[in-house]
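In: Attaching a predicted model along with its sequence, questions to come.
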Amino acid sequence: DAGITQSPRHKVTETGTPVTLRCHQTENHRYMYWYRQDPGHGLRLIHYSYGVKDTDKGEVSDGYSVSRSKTEDFLLTLESATSSQTSVYFCAIGTFPLTNEQFFGPGTRLTVL
Amino acid sequence: DQQVKQNSPSLSVQEGRISILNCDYTNSMFDYFLWYKKYPAEGPTFLISISSIKDKNEDGRFTVFLNKSAKHLSLHIVPSQPGDSAVYFCAASLNTDKLIFGTGTRLQVFP
């Protein structure tokens, strides 16, 4: 299995509070991604990174920010959580341009009350 | 607008039979396709892929077929086993660093 961990694995928070999710890889891959999974929507890209300090927006980036200060860590921040951000969040690492495959972490279940 | 579509949210198949999961796409420029399998409370795991220059790729019990003229992708699992019960996502790429995923199909294999 690809060395990807996510923390926390579960979190319950209240509307309006800031939340940071962490993704850590041991594979030294350049590309990292944050997705959310919701019923009826599959996996949707929030933000991604193509190197240290190099990030870009995905399909559903509103309300989220990211940071990547080291190759191994990719942080996703909800500045002020809303109930619509209740979801399961997955981090992935990519092997592009070698292949198009991405490898996923175990996920974080976030509930915003 | 959903560029990658999995129109069947669920599929139920008897053990030993063939499972066929379907995926349609709208962008003819997609050049690489992947299937992922996801168990509850786990992250998706890569299953099999195919380049647009091929029409078939096989790996053990799993075969992916690509019909470019119909913009249609299918995953065949034969024979199906109870451990294959999971949600299956198809994904497509434009030879970029990003993937576009379908909404998933839940496969249940019963004895």
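Out: Good, I have the coordinates. No experiment lies behind these values; they were computed from the predicted model shown. Numbers count the residues shown, from 1 in each chain, chains lettered A, B, ... in the order given.
In: Tell me which residues of stretch A:69-83 come out buried.
Out: By neighbour count, and taking 16 or more other CB atoms under 10 Å in any protein chain shown as the criterion, the buried residues in stretch A:69-83 are A:72, A:74-76, A:78, A:81. To be clear about C-beta, it is placed using only N, CA and C from the backbone, and glycine gets the same treatment.
In: now the residues you listed in JSON lines, with distance to B:Ala91 and secondary structure?
Out: What follows is the buried residues of stretch A:69-83, written out as JSON lines (distance: CB to CB, whole Å; DSSP: H, G, I helix; E, B strand; the rest coil):
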{"residue": "A:Glu72", "distance to B:Ala91": "25", "secondary structure": "coil"}
{"residue": "A:Phe74", "distance to B:Ala91": "20", "secondary structure": "strand"}
{"residue": "A:Leu75", "distance to B:Ala91": "24", "secondary structure": "strand"}
{"residue": "A:Leu76", "distance to B:Ala91": "20", "secondary structure": "strand"}
{"residue": "A:Leu78", "distance to B:Ala91": "25", "secondary structure": "strand"}
{"residue": "A:Ala81", "distance to B:Ala91": "28", "secondary structure": "coil"}
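In: JSON lines please, covering these and showing pLDDT.
Out: As requested, the buried residues of stretch A:69-83 are arranged in JSON lines below (pLDDT from 0 to 100):
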{"residue": "A:Glu72", "pLDDT": "97"}
{"residue": "A:Phe74", "pLDDT": "98"}
{"residue": "A:Leu75", "pLDDT": "98"}
{"residue": "A:Leu76", "pLDDT": "98"}
{"residue": "A:Leu78", "pLDDT": "97"}
{"residue": "A:Ala81", "pLDDT": "97"}
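In: Mind putting the residues you listed into TSV with distance to A:Phe96?
Out: Written out in TSV, the entries for those read as follows (distance: CB to CB, whole Å):
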residue	distance to A:Phe96
A:Glu72	18
A:Phe74	15
A:Leu75	21
A:Leu76	20
A:Leu78	27
A:Ala81	31
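In: Can you get me a residue count around A:Tyr89?
Out: Other residues near A:Tyr89 come to 23 when the count uses other CB atoms under 10 Å in any protein chain shown.
In: Now A:Ser83. Its backbone dihedrals?
Out: Comment: the main-chain dihedrals of A:Ser83 come out as phi -60, psi -30, following degrees, to the nearest 10.
In: What score does it have for pLDDT?
Out: Per-residue confidence (pLDDT) for A:Ser83: 97.
In: Just the closest of the buried residues of stretch A:69-83 to chain B, please.
Out: Ranked by distance to chain B (CB to the nearest CB), the buried residues of stretch A:69-83 are led by A:Phe74 at 13.9 Å.
In: which residues sit in contact with the residue in chain B that chain A sits nearest to?
Out: When scored by CB to the nearest CB, chain B has B:Gly43 as its residue closest to chain A, at 3.5 Å. Neighbour list for B:Gly43: A:4, A:90, A:92, A:104-107 [criterion: CB atoms under 8 Å, 6 or more residues apart in numbering or on different chains].
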